[in-house]
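> got a predicted structure here, sequence first:
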Amino acid sequence: MSRKEKKKQVAAIKGTKDILPLEARKWQQVETLIKAYCERYGYREIRTPVFESTELFQKGTGETSDIVMKEMYSFVDKGGRSLTLRPEYTPSIVRAIIEHRLYLQPQPMRYYYIGPMFRYDKPQKGRYRQFHQLDIEVFGEKDAAVDAEIVEMASGLLSQLKVKGTDILVNSVGCRKCRPGYHKELRHQAELARDSLCSDCQRKMSTNPLRIFDCKEESCREISQGFPKITDFLCRECDEHFKNFRSYLDLYGLKHKVEPRLVRGLDYYTKTTFEIVSTELGAQDAILGGGRYDDMIKDFGGPDVCGIGFALGVERLLSLVPQKKEPENIVYLVCLGEEAKKEGMLLAQYLHKENIECLLEYKSRNLSKQMSRANKIGATWVLIIGEDEIKKKRFQLKNMASGEQKEVAREKALNIIRGNI
Ligand code: AMP
């Protein structure tokens, strides 16, 4: 083995990234806020496995979607089963609902989850192979008011997180009654433009012409601008639902734009689709997207229970959220000598039990070195333990901001640190 080979290090996989402590703090802050926010709207957390049988996503996400066709992380396990790392969350929740008969609970049922998703897409800014989504789903409510409620909820969440410069885009993709008529017309128009479309879109013409709108090729995007709009083909029920949805958005005072090309990359949507995009994200501008999927549970062999939801990209969201500085209360124990170290270990144990963040180090260092270490880690308090202090069972407590120092017993130190005195 050459020296060069020996030194080669194993690196993180392309399209994945480490979340280091400073950044992880921001993740924790945002996740905590999101969870409390969801619970306020009556959502409850549901956690499912990271991998599922491949069939679940083929059936759920749809065999003609780009996710299933190109982006799944599928593998055969030692038992010869084809498994897939979840590329999205909805099929897993639907499976869990049917498997555990959660549909027997009072409806509507509201669920949320934050966790990693996996897609073999081309990595670029805002697009990763392992990324995280907040997923929100409501089951068992047909009324368009709930469609508006979840857009209001998403929009309110972004406001709470101080995300600015967002637009709400909405559309309706119809249902099984009205979509075939639209497909026919779309296929006809696409056929007329066949030679100018990319080979992928030519294939989509026969599989699922709606997917032409997802094409990332600029020329295809331009051509599809001229294609007929799905909203001109909606049946009475879908048209009325879309009108109601929009009127409820108006009721909430939510400005929105109808975007007829917004068909979303998944095959299961019916009626409402929506996205919230940011003017500050560049090419990957969607913060979140979702829609209604009224046939999915039924198609999976469950009862006729409708659903609606959205998925929000946590990485994209975090790139728009300013870091919040939280007040910290960290105690650093300066121990001078072996006996002081033992006393420090017991004092740390006491403070930890009292829910105080506190640390000490075990290397034998002089006072000034330990004080400079306390400064570096941003300690708000220092407790100095020397021979004298051990004898007296009293310690020097220093406030790092004011420089004030006092000799106190441990209970008094605790009260001062807590801000009770
Ligand atoms: P989708 O499930 O494709 O509708 O995506 C919902 C949201 O997840 C998007 O609006 C993005 O914010 C985020 N998202 C989707 N794919 C990726 C990816 N590959 N990397 C990072 N975020 C993503």
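That came through, no problem.
> which residues touch the residue of the stretch 251-400 of the chain found nearest the ligand?
Residue of the stretch 251-400 of the chain nearest the ligand, by C-beta to the nearest ligand atom: Gly313 (2.2 Å). No exception for glycine: its C-beta is placed from N, CA and C like everyone else's. By C-beta atoms under 8 Å, 6 or more residues apart in numbering, Gly313 lies in contact with 126, 131-133, 286-288.
> what's the pLDDT at it?
pLDDT recorded at Gly313 is 97.
> would you mind listing what in this protein touches the ligand?
88, 119, 121, 126-128, 131, 133, 265, 286-289, 311, 313, 315-316 (C-beta under 6 Å from any ligand atom).
> so Thr272 sits in a strand?
Yes - under DSSP: H, G, I helix; E, B strand; the rest coil, Thr272 falls within a strand.
> do a quick rundown of the strands in the stretch 201-350 of the chain.
Listed in chain order, the strands of the stretch 201-350 of the chain (DSSP state E, counting those that start in this stretch) span 257-258, 270-278, 286-292, 307-313, 330-335.
> neighbouring contacts of the third one?
With C-beta under 8 Å, 6+ apart as the contact definition, strand 286-292 has outside contacts at 134, 136, 147, 150, 154, 158, 163, 166, 173, 264, 269-278, 281, 306-313, 316-317, 320.
> direction-wise, compare it with strand 307-313 and give the angle.
170 degrees (axes from the mean of the first three to the mean of the last three C-alpha atoms, to 10 degrees).
> element containing the residue sitting nearest the centre point of the chain, please.
The structure's the chain has its C-alpha centroid closest to Gln133; by C-alpha atoms, centre = their mean the separation is 2.7 Å. Using DSSP states H and E, Gln133 falls within strand 130-139.
> not counting its neighbours along the chain, what's nearest the residue nearest to the centre of the chain?
Of all residues not flanking Gln133 in the chain, Ala311 sits nearest, at 4.5 Å (C-beta to C-beta, 6 or more residues apart in numbering).
> any chance of a PyMOL selection covering the buried ones in the contacts of strand 286-292?
Selection of buried members from these for PyMOL, criterion 16 or more other C-beta atoms under 10 Å:
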select buried, resi 134+136+147+150+154+158+163+166+173+264+269+270+271+272+273+274+275+276+277+278+281+306+307+308+309+310+311+312+313+316+317+320
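> enumerate every residue touching the closest residue to the ligand within the stretch 101-250 of the chain.
At 3.5 Å from the ligand, Phe131 is the closest residue in the stretch 101-250 of the chain, using C-beta to the nearest ligand atom. Phe131 sits next to 116-117, 119, 313-315 when contact means C-beta under 8 Å, 6+ apart.
> tell me the one of these nearest Phe75?
Proximity of the contacts of Phe131 to Phe75 (C-beta to C-beta) peaks at Arg119, which lies at 14.6 Å.
> what's the burial count for the closest residue to that closest one other than its chain neighbours?
Excluding its sequence neighbours, the residue lying closest to Arg119 (C-beta to C-beta, 6+ apart) is Glu71, at 4.2 Å. Glu71: 17 surrounding residues under other C-beta atoms under 10 Å.
> tell me the contacts of Glu71?
87, 119-121.
> mind jotting down where the helices sit in the stretch 151-300 of the chain?
Listed in chain order, the helices found in the stretch 151-300 of the chain under DSSP state H, counting those that start in this stretch are 179-192, 199-207, 218-225, 236-251, 296-299.
> JSON lines for these, including distance to Pro260 and mean pLDDT?
Listed next are these as JSON lines, based on distance: least, C-beta to C-beta, whole Å; pLDDT from 0 to 100:
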{"stretch": "helix 179-192", "distance to Pro260": "11", "mean pLDDT": "92"}
{"stretch": "helix 199-207", "distance to Pro260": "17", "mean pLDDT": "88"}
{"stretch": "helix 218-225", "distance to Pro260": "9", "mean pLDDT": "90"}
{"stretch": "helix 236-251", "distance to Pro260": "11", "mean pLDDT": "98"}
{"stretch": "helix 296-299", "distance to Pro260": "23", "mean pLDDT": "93"}
